[in-house]
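S.K.: Make a model of this:
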Amino acid sequence: MFQLHQVYTLFLLAIPVACVAWTVTHEEIFREPREYCIQCSKEKKTLLARKFFYVFTCEYCFSHYVTVLMLAMTGFHLYLDDWRGYVIAGFSMVWMANIYMNLYNMIRIDLKKEKTLIKKEEQAMKEEETEN
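M.R.: Residues are numbered from 1 along each chain as shown. Prediction:
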């Protein structure tokens, strides 16, 4: 039955799911394979092939597959001890992982804004010093 440690485990297991999904679909280290997948997702002839390659370009879609792998590795389930508990855990983990990824993206955007503002201010200060 449902226990509080299951909620803690859900929050913890969603972190690596989010990390892997974000890294594969956004970070520079996987840029070339991702660009290949983007191209294939647009140019392949069959719908199945296009959707297969699209999965590697969308963090939400990819997080489902990472979640399935995580559930297989850990045997984690929520609320019920049978297959239904795995389904509940799977969708819950995808949801939590996507919350983490959205928070990360918002923080990342804020940091980029800050850096841009700082550069503009530094440049304005240098120009002001040059004028004086």
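
S.K.: same question for the strand or helix carrying Thr25, mean pLDDT?
M.R.: Using DSSP states H and E, Thr25 falls within helix 4-26. For helix 4-26, mean pLDDT rounds to 93.

S.K.: in that helix, what counts as buried?
M.R.: By neighbour count with 16 or more other C-beta atoms under 10 Å, helix 4-26 contains the buried residues 6, 9-10, 13-14, 17-18, 20-22, 24-26. For the C-beta atoms, the positions are set from N, CA and C on the backbone; glycine is no exception.

S.K.: Quick check: longest helix in this protein by residues?
M.R.: helix 83-131 (DSSP state H).

S.K.: Which neighbouring elements make contact with it?
M.R.: Counting contacts by 3 or more C-beta pairs under 8 Å, 6 or more residues apart in numbering; DSSP states H and E, helix 83-131 is packed against helix 4-26, helix 59-74.
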